[in-house]
Every structure is written in C-alpha cells, then in structure tokens.
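K.L.:
the following comprises the amino acid sequence and a computationally predicted model.
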Amino acid sequence: MKKEVQIRPFWYSDAWLFPKLITIVTTLDEEGRINAAPYSHVMQYDVMHKNPRIMMGFRQDSHTFKNICATGEFVINCPSSDYLEDVMEAARFYPEGVNELEHTRFTTIPSLKVKPPSLEQCPQIMECTVDEIVKLERSSGIVFANIKAIVMDEGLEEMSREQRITAMNLPIGLGDEDRMEYYYARPSDVVHFTLKETPRGYQAAKIKTGMEWDEESMQGLMQIPPAVREMVTTQVETYAAGKGATTVTMTHMTELMAEFGMDQAVMARFMGKSDE
Ligand SMILES: Cc1cc2nc3c(=O)[nH]c(=O)nc-3n(C[C@H](O)[C@H](O)[C@H](O)COP(=O)(O)O)c2cc1C
C-alpha cells in the first residue's frame, strides 16, 4: 500500500529522502573576510563544456548567499568522509564575519581563478563566478554559476572510477531531522554494473532522416547510441541545412560535434560500445 504524504516546508529533507553531495562553500564578504559553510543543494546546470554551469540553492539570509550576491564569487569544496565532524562544525551558526574554518581542521590554499580560498583537505574543488541569481519569493536564493576551474588532487584523474571513489571517500548526505540531527553514508559498499549493449534488433531503430545523408555520414550516425540518435539526426540536419547543404556529410557532423565540444576523446567514450 502507498499513501500520499503532505508537502510541507523542508519536504526535500523531512519527507523525501534525497541522497546528496556534501560541500563546503567558501566565500569572502565585502571586507575580504572568509566565510565557510556546508551546502548540499547543488546540481549541474549547463552540462556542455563551452559554458559549463552549476546551480546551488541557499537560505537567502545566510552569510554565504549574501557574500555571493555582494562579490559574485565562491568555491565549492568537497570534503572526504574523514572531515564530517568539521563539516558539522562549519554548519554551526556563527555571527557574521566569523571564519568558521578556524573551528575546524580545514586550512586554506589560494584558488586559481577566484578570490575566495579553496580548502586544502578537499580532493575535489570547483571555482565559480555568478551567472545569474534568482531570489525565489519567501524561499531559496538560487545561484546559477559559471565553472571557472575544476581542481582535483593530483593522481585522481588518472584513477579508475572504482579507485577514485575509494580514494576520495566522499560522504553522501542523507538529510536531517529538525535541522539538528544529520545523517551521512560513507562509500564503503560500492556496487558496480555494466550497461548491456542495445539488443541487436533495436540498433537501427528510429532513424527517420529528413535529408540525404552520404554514406560516410550515415555510417557515423549509426555509431551514435540509439537513445540519442534521433536527436543527433535532427541537430545535424538543421546544421547542414543552415549551411545551405542538401546532403549531410561527415564534415557537418564533425563541425557540429566540435561546436558541442565533442573532440575525438569524448567521442571515443560516447561511441565505443555500439555495434557488437
Ligand atoms: C550537510 C549540510 C548540508 C547543508 N546544506 C544546506 C543547503 O543546501 N542550503 C542551505 O541553505 N543550508 C544548508 N545547510 C545549513 C547551513 O550550512 C547552515 O545554515 C550554516 O550555518 C550557514 O552558514 P552561513 O550563514 O555562514 O552561510 C546545510 C548544513 C549541513 C550540515
């Protein structure tokens, strides 16, 4: 049996179990004083590489949100599970102007592209500048931000995902009770699955072309996974038509892919598992 649950304030935490990334956001106030606090209302916004953006949500009267509005910059630091006590310390309410980090084991290092500092102990860091701020009425302040730099501990990028998950040991936020009791999971029981290939019978599904495609470009199209092939077909045809062409060629495909930032390395990841 199921039952409908009432949607109340804090529904995303009290009612809906919503495993999330745990971050410490560092900002500077207008006088240049450091502020740090944990935040987990964070999600990718523009996923392409040209104008990569992230979105975060804050209480509008938080020091973090005020600082972001005033300075236009912030850093998202992802601590490992070893620092959960420090995360909780940084979450305590301290008056404006107090550097919460002084009550934790975190130490700062200069950021590469923005003025607020980064946290040395965090294996994964994102430096951001404001793109747009939406102040929801009597609700959150939503910040859409440009990703200026992604910084990671050396060695992590080269690791397999499995090794990296263990090395980073990022906690998963599991919400709180009454804004007092916080729950986390540590990645000690990671499971791994391999996605099975598209069944043969469906591999050529959904190719309705509106233009002529030459042989090479049609072969290229067949390399695109069926799930996104229809979308790619439309986009390539729109692009080719925009160039005044009546037949789609491989050049149209590669030019369009380049526009999306899909170089050979990205394409190899994307296309590798098509027709076996
Ligand atoms: C794990 C964790 C996640 C949190 N996530 C958020 C969040 O996404 N949005 C928010 O407004 N407050 C969040 N908080 C509460 C703030 O960290 C807390 O209100 C803090 O005192 C704000 O500090 P500031 O005023 O210096 O920004 C979170 C707290 C914890 C412990």
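P.N.:
Structure's in. What do you need?
K.L.:
just for the chain, where's the confidence low?
P.N.:
200-206, 264-265, 267-276 (pLDDT under 70).
K.L.:
would you mind naming what in it lies close to the ligand?
P.N.:
For the chain, the residues in contact with the ligand (C-beta under 6 Å from any ligand atom) are 22, 35, 37-41, 57-59, 62-64, 87-88, 91, 93, 173, 182. Backbone N, C-alpha and C define where each C-beta goes, glycine included.
K.L.:
let's see it at 8 Å
P.N.:
With C-beta under 8 Å from any ligand atom as the criterion, the chain comes near the ligand at residues 20, 22-23, 25, 27, 35-42, 56-59, 61-67, 87-88, 90-94, 96, 100, 140, 173, 176, 179, 182, 184.
K.L.:
in helices, which of those residues fall?
P.N.:
In helices, judged by DSSP state H, the following of these are found: 63, 64, 65, 66, 67, 87, 88, 90, 91.
K.L.:
which pair in those spans the largest distance?
P.N.:
66 and 88 (22.1 Å; C-beta to C-beta).
K.L.:
now the farthest one out in this protein, which residue is it?
P.N.:
Relative to the C-alpha centroid of the chain, counting by C-alpha atoms, centre = their mean, residue 246 is the outermost residue, at 38.4 Å.
K.L.:
how about the residue most central in space within the chain: which residues does it bridge to?
P.N.:
For the chain, residue 44 is the residue whose C-alpha lies nearest the centre (C-alpha atoms, centre = their mean; 3.4 Å). Going by DSSP bridges, residue 44 is paired in beta bridges with residue 54.
K.L.:
start at 335 instead
P.N.:
Yep, numbering from 335; the last one is residue 378 now.
K.L.:
contacting residues around it?
P.N.:
Contact analysis of residue 378 by C-beta atoms under 8 Å, 6 or more residues apart in numbering lists 387, 388, 389.
K.L.:
I'd assumed residue 481 was in contact with the second one.
P.N.:
Yes. The criterion here is C-beta atoms under 8 Å, and residue 388 meets it with residue 481 at 5.8 Å.
K.L.:
spit out the residues that contact those two alike.
P.N.:
In contact with both residue 388 and residue 481: 460, 462, using C-beta under 8 Å, 6+ apart.
K.L.:
quickly find the element holding the nearest residue to residue 385 once chain neighbours are set aside.
P.N.:
In this structure, residue 385 finds its nearest non-sequential neighbour in residue 480, 7.0 Å apart by C-beta to C-beta, 6 or more residues apart in numbering. Taking DSSP states H and E as the criterion, residue 480 maps to strand 475-486.
K.L.:
name the residues of that strand that come out as buried.
P.N.:
Buried positions in strand 475-486, judged by neighbour count with 16 or more other C-beta atoms under 10 Å: 475, 476, 477, 478, 479, 480, 481, 482, 485.
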